[in-house]
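Chemist: take a look and give me a structure for this.
(chains A and B)
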Amino acid sequence: ETGVTQSPTHLIKTRGQQVTLRCSSQSGHNTVSWYQQALGQGPQFIFQYYREEENGRGNFPPRFSGLQFPNYSSELNVNALELDDSALYLCASSFEGHGYTFGSGTRLTVV
Amino acid sequence: SQQGEEDPQALSIQEGENATMNCSYKTSINNLQWYRQNSGRGLVHLILIRSNEREKHSGRLRVTLDTSKKSSSLLITASRAADTASYFCATDAKGSARQLTFGSGTQLTVLP
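Modeler: Next up, the predicted model:
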């Protein structure tokens, strides 16, 4: 039990569809980051939110978007899903960017 | 893109032996962290070493950092079958707003 909860744990979507992944952070954690991990690879940084504002973004197209809410939860939205979007999506939260705690991830399969 | 590269990509040892994994990175960093991942699950933070530190210990873990060579090593002593997992280094680069850049990982298998 890490204190960071992600839902759902597994998801299958069809190419072209849209998906929303959710993350519930530890109370007081004002920073949340999302990572994409393809099979056999290390996680890749998607973006980071600090106090509900995006303050960093990796090399991902605009169809990847996010939100952070005042109750320390956040969302990752992906539009127009492609087969290459199949991956494990990880959420990590921290207070002021110190000491990230990762969730167990959502395994997304696009068919 | 991956900043760090772990070496080796895969390592298989017998229980009780020591396991050493290496990580190289490219930019100036605030700190370097090591994480463990079991079978595609979430990442577990193992240890953090700051850029002004050269060595750090935590239980059976020993981490070294050489900022002049932009490299780090993770040593796991007296390995156990339960240590079987993927190990990743991640750098918190200067000016990066605390985002982590991960390497490609080392798959460690400890045989009983």
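Chemist: can you pull out the low-pLDDT segments for chain B?
Modeler: Applying pLDDT under 70 to chain B flags residues B:1-4, B:96-97.
Chemist: residue of it nearest chain A, please.
Modeler: Residue nearest to chain A within chain B: residue B:98 (3.1 Å; CB to the nearest CB). All C-beta spots, glycine's among them, are computed from the backbone N, C-alpha and C.
Chemist: is that residue in contact with residue B:92, as I believe?
Modeler: Yes: between residue B:98 and residue B:92 there is a contact under CB atoms under 8 Å: 6.0 Å.
Chemist: in chain A, which helix or strand is least confident?
Modeler: Here the helix or strand of chain A ranked lowest by mean pLDDT, DSSP states H and E is strand A:98-102, holding a mean of 84.
Chemist: partners of it in the sheet?
Modeler: Looking at strand A:98-102 with DSSP bridges, its partner strands are strand A:87-95 (antiparallel).
Chemist: what parts of chain A come near chain B?
Modeler: Residues of chain A lying near chain B by CB under 8 Å from any CB of the partner chain: A:2, A:4, A:31, A:33, A:35, A:39, A:41-45, A:48, A:50, A:55-56, A:58-59, A:88, A:90, A:92, A:94, A:97-105, A:107.
Chemist: in ChimeraX, select just the buried ones from those residues.
Modeler: This is how ChimeraX selects the buried members of the residues of chain A next to chain B, with burial counted by 16 or more other CB atoms under 10 Å in any protein chain shown:
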select /A:2,4,31,33,35,41,42,43,44,45,48,50,56,58,88,90,92,94,97,100,101,102,103,104,105,107
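Chemist: where along chain B do the helices fall?
Modeler: Assigned by DSSP state H, chain B shows no helices.
Chemist: now the strands for it?
Modeler: Per DSSP state E, chain B carries strands over the ranges B:5-7, B:10-14, B:19-24, B:29-37, B:43-50, B:55-58, B:61-66, B:71-76, B:85-93, B:100-102, B:106-111.
Chemist: I'd say residue B:9 and residue B:108 touch.
Modeler: No: using CB under 8 Å, residue B:9 makes no contact with residue B:108, being 10.6 Å away.
Chemist: more neighbours: those two, which one.
Modeler: Neighbours per residue, other CB atoms under 10 Å in any protein chain shown: of residue B:9 and residue B:108, the larger number sits with residue B:108, 21 against 12.
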